[in-house]
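# sequence first, predicted model second:
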Amino acid sequence: MSDKEAFPHFVHTMQATSHFLTRNIKGDHEEATTSYDYDYGEPCHKADVRQIAAQLLPPLYSLVFIFGFVGNMLVVLILINCKKLKSMTDIYLLNLAVSDLLFLFTLPWWAHYATHEWVFGNAMCKLFTGLYHIGYFGGIFFIILLTLDRYLAIVHAVFALKARTVTFGVVTSGLTWGVALSASLPGIIFTSSQKEDSSYSCGPSFPLRWKTFQTVMRNVLGLVLPLLVMVVCYSGILKTLLRCRNEKKKHKAVRLIFAIMIVYFLFWAPYNIVLLLSTFPEFFNLSNCESSRQLDQAMQVTETLGMTHCCINPVIYAFVGEKFRRYLSVFFRKHVAKRLCRHCPVFYRETADRASSTYTPSTGEQDVSAGL
């Protein structure tokens, strides 16, 4: 594996290993070139992995972009136009959708890069790397905030009535974006567009210590911290719900956020594990050529799997969130169906009926229990 960890990691690695790779250790810095990957003196050929990536990644990235963009834009529009952002939960869900959209925006550029050299220049290389990172970390942090929000609403309901305000949601969201930007800085700073042989690439050249820090940070923030928060919060939530009866709505709200967390781990945990193995191959006895090839292939599969996570949250809302389905129906009738059939009175009548039943004022407790 090359030490130039790209974002997406696999795309740049395959660009850098179009023919062969080499690894030379000089002091505290690991410098990679694009000629040979020495495994007991033998070159490590990876052109076949590169060819598979060039054929597989562009169509996959395109599908993820289309479905993810449509789904998350629907979430944004419904939260703004229908729910009117009346609760802290709505604020966090909106920011989660925005995080996914930032991440998705970079996919067409990575799809082009998978089959061609980087032709968009150094500034765009840094920009898209930054959006990739900020969207990734932002998604993690807002999932954590949603979990804490459910915990406060159910375990500390009295305190939550005062603390869970829209203002507090806006303030904490702003701080969260600042933390996401800070976590993204190492990748942005060390990223540049460089000429390698006769083509240009886009990816970071980390000094060895910074590469170690980046990998450890991604695993801590992307895997360990969310898992720890989930275990602590849902343990408290389950204890509280076991003492209650007739809490169906609260169970639905917990199920929604729990599903978001579980899906996140299923889609991103494999990538974080492979990234850890790729950063410390000597520690895991994976420094030979065959292991390097297998890690490249695993990186291709797991990173693509992780990217598809951007499409999943809207699906979870639709299947788990009963309220979201009602709002989606109202939105479709009001803004889509009515425009397609302007002379169909049924749309006007049913939209009004739906709106009157859906937009009834709800108490703070009802919002807490119903979620989306």
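All right, it came through fine. Numbers count the residues shown, from 1 in each chain.
# and the helices in the stretch 151-300 of the chain?
Secondary structure of the stretch 151-300 of the chain (DSSP state H, counting those that start in this stretch): helices at 157-163, 166-189, 208-219, 225-242, 248-279, 289-307.
# out of those, which is closest to Leu60?
Proximity to Leu60, assessed across the helices of the stretch 151-300 of the chain by CB to CB, is greatest for helix 289-307 (5.5 Å). Any C-beta I mention is one placed from the backbone N, CA and C, and that applies to glycine too.
# just the buried residues of stretch 139-159, please?
139-155, 157 (16 or more other CB atoms under 10 Å).
# next one: stretch 108-115
Buried residues in stretch 108-115 (16+ other CB under 10 Å): 109-114.
# show me which of those residues is closest to Tyr61.
Ala111 (3.9 Å).
# next one: that closest one, what pLDDT does it get?
Model confidence at Ala111, given as pLDDT, is 90.
# surely it touches Val64?
No - taking contacts as CB atoms under 8 Å, Ala111 lies outside contact range of Val64: 9.3 Å.
# any common contacting residues for these two?
When CB atoms under 8 Å, 6 or more residues apart in numbering defines a contact, no residue borders Ala111 and Val64 alike.
# show me the shaky parts of the stretch 201-350 of the chain.
245-250, 252-253, 318-321, 335-350 (pLDDT under 70).
# any idea how far Ala163 is from Gly169?
10 Å (CB to CB, to the nearest Å).
# and Ser287, how many neighbours?
15 (other CB atoms under 10 Å).
# not counting sequence-adjacent ones, nearest residue to it?
Spatial nearest neighbour of Ser287, chain neighbours left out: Pro281 (4.5 Å); criterion: CB to CB, 6 or more residues apart in numbering.
# residues near the one you found, how many?
16.
# go on, the one 3 residues further on?
For Phe284, the tally of surrounding residues (other CB under 10 Å) stands at 13.
# contacting residues around it?
Here Phe284 is in contact with Leu277 (CB under 8 Å, 6+ apart).
# gap between it and Thr212?
On the measure of CB to CB, Phe284 and Thr212 end up 14 Å apart.
# same question for Ile52.
In terms of CB to CB, Ile52 sits 29 Å off from Thr212.
# now Lys162
Counting by CB to CB - Lys162 and Thr212 are separated by 43 Å.
# between these two, point out the one with more neighbours.
Shown here are Lys162 and Thr212; by other CB under 10 Å, Thr212 has more neighbours (14 against 9).
# pull the contacting residues for that one.
279-280 are the contacts of Thr212 under CB under 8 Å, 6+ apart.
# returning to that earlier point: mind giving me JSON lines with the buried residues of stretch 108-115 and columns for distance to Asn272 and secondary structure?
Output for these, formatted as JSON lines (distance: CB to CB, whole Å; DSSP: H, G, I helix; E, B strand; the rest coil):
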{"residue": "Trp109", "distance to Asn272": "23", "secondary structure": "helix"}
{"residue": "Trp110", "distance to Asn272": "19", "secondary structure": "helix"}
{"residue": "Ala111", "distance to Asn272": "23", "secondary structure": "helix"}
{"residue": "His112", "distance to Asn272": "26", "secondary structure": "helix"}
{"residue": "Tyr113", "distance to Asn272": "22", "secondary structure": "helix"}
{"residue": "Ala114", "distance to Asn272": "21", "secondary structure": "helix"}
